[in-house]
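Engineer: Pasted the sequence and its predicted model underneath.
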Amino acid sequence: MASRKSSGTEFNATREIEMDSIDYFMDKADREAMREETLELATEELMKDGAEYSPLNPSNLCETFGEMPDEMYGAIASFIRADDGPKLLAMIASFNDAYWNKLARSEAERDLQRQINEHFNEYNGE
């Protein structure tokens with residue numbers, strides 16, 4: 001691996017070429033598509049049954065109810081009065097999934113950024 005000193009910092013030519021090659025062969029749209037796919041897979045993994053962000057975890061379900069907007073409680077009451085269990089269940093399940101998907105996606109984004117930062121620091125010898 002070729003390296004040289006330049007203004008007090010080490011230059012790693014092989015890594016520089018590798019990074020340039022990645023940028024050369026992948027345009028911005030391809031990089032974004034790869035990033036999106038990575039985040040989707042990570043989000044799914046975080047939301048699997050039994051995982052930290054699983055919508056079906058009882059304590060997570062309790063948190064979901066605590067985060068519901070007040071208007072939803074009126075809708076819940078209406079569905080209970082109308083004895084419309086399927087609509088009630090669909091509304092709660094939809095909100096619950098969306099809520100935990102948002103949280104899991106945020107965690108996946110933070111984790112990806114941590115990995116990028118670690119790679120950047122390693123690449124720069126930090």
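Structural biologist: Here it is on my side, so go on. Numbering: from 1, shown residues only.
Engineer: Which parts of this structure are helices?
Structural biologist: Using DSSP state H, the helices of the chain run over 13-25, 28-47, 58-67, 70-81, 85-123.
Engineer: Tabulate the ones you listed in CSV, adding columns for mean pLDDT and mean neighbour count.
Structural biologist: All C-beta spots, glycine's among them, are computed from the backbone N, C-alpha and C. As requested, these are arranged in CSV below (pLDDT from 0 to 100; neighbours: other CB atoms under 10 Å):
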stretch, mean pLDDT, mean neighbour count
helix 13-25, 51, 11
helix 28-47, 90, 13
helix 58-67, 96, 13
helix 70-81, 95, 12
helix 85-123, 93, 14
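Engineer: residue contacts, the nearest residue to R105 once chain neighbours are set aside?
Structural biologist: The shortest distance from R105 to any non-neighbouring residue, by CB to CB, 6 or more residues apart in numbering, is to T43 (4.8 Å). Applying CB atoms under 8 Å, 6 or more residues apart in numbering, we find T43 in contact with 101, 104-105, 108.
Engineer: Next, format those residues as a markdown table and append distance to D70.
Structural biologist: As requested, these are exported to a markdown table (distance: CB to CB, whole Å):
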| residue | distance to D70 |
| --- | --- |
| N101 | 22 |
| A104 | 25 |
| R105 | 25 |
| A108 | 30 |
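Engineer: Dihedrals phi and psi, A51?
Structural biologist: Phi and psi for A51, reported as degrees, to the nearest 10, are phi -80, psi 170.
Engineer: Now for it, how many residues are close by?
Structural biologist: 16 (other CB atoms under 10 Å).
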